[in-house]
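[1] Please find the sequence and the predicted model below.
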Amino acid sequence: MSVPVGTLVDIEATAPLDPATIDDTTLQLVQTATSTPVPVRSFVISGSRRSVSIVPDEALAFDTEYTLQASGAREIYGQLVQVPRTTLRTRDDAPPSTT
């Protein structure tokens, strides 16, 4: 999946999420090659609490693969939110070299 560098990462759940379990230790977007976590500005939980958007602190790097890691996020009934291994690659939108 190729996405713009300014993309948000959305996660949907079948039951309302427990906001107390949504943070940068339970949901991470990491650079696949280095396992370096992407700094997160915020997590935006929908009004229904069935989805959350990860908002990176700054634009992602061009032409780079990222992996979503989820561990410890729970729904309001206490069950762990199951997130399949998900990878994405940012587009190579860098302007051409003028040299």
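    Looks like it arrived, so ask away.

[2] Show me the strands in the chain, by range?
    Shown for the chain, the strands assigned by DSSP state E span residues 2-3, 9-12, 27-31, 40-45, 51-56, 65-70, 86-90.

[3] Next, format those strands as CSV and append distance to residue 78.
    Glycine gets a C-beta too; all of them are placed from N, C-alpha and C. Shown next, in CSV, are the strands of the chain (distance: least, CB to CB, whole Å):
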stretch, distance to residue 78
strand 2-3, 32
strand 9-12, 18
strand 27-31, 17
strand 40-45, 17
strand 51-56, 17
strand 65-70, 16
strand 86-90, 23
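
[4] Mean neighbour count and mean pLDDT for those strands - can I get that in JSON lines?
    Shown next, in JSON lines, are the strands of the chain (neighbours: other CB atoms under 10 Å; pLDDT from 0 to 100):
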{"stretch": "strand 2-3", "mean neighbour count": "12", "mean pLDDT": "90"}
{"stretch": "strand 9-12", "mean neighbour count": "15", "mean pLDDT": "93"}
{"stretch": "strand 27-31", "mean neighbour count": "18", "mean pLDDT": "96"}
{"stretch": "strand 40-45", "mean neighbour count": "14", "mean pLDDT": "96"}
{"stretch": "strand 51-56", "mean neighbour count": "17", "mean pLDDT": "96"}
{"stretch": "strand 65-70", "mean neighbour count": "17", "mean pLDDT": "95"}
{"stretch": "strand 86-90", "mean neighbour count": "15", "mean pLDDT": "95"}
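
[5] Residue 80 is nearest to which of those strands?
    Comparing these against residue 80 with CB to CB, the closest turns out to be strand 65-70 (8.6 Å).

[6] which secondary structure elements does the closest one contact?
    In terms of contacts (3 or more CB pairs under 8 Å, 6 or more residues apart in numbering; DSSP states H and E), strand 65-70 is packed against strand 9-12, strand 27-31, strand 86-90.

[7] List the contacts of stretch 70-82.
    With CB atoms under 8 Å, 6 or more residues apart in numbering as the test, stretch 70-82 has contacts from 11, 13-18, 21-22, 25-28, 49, 83.
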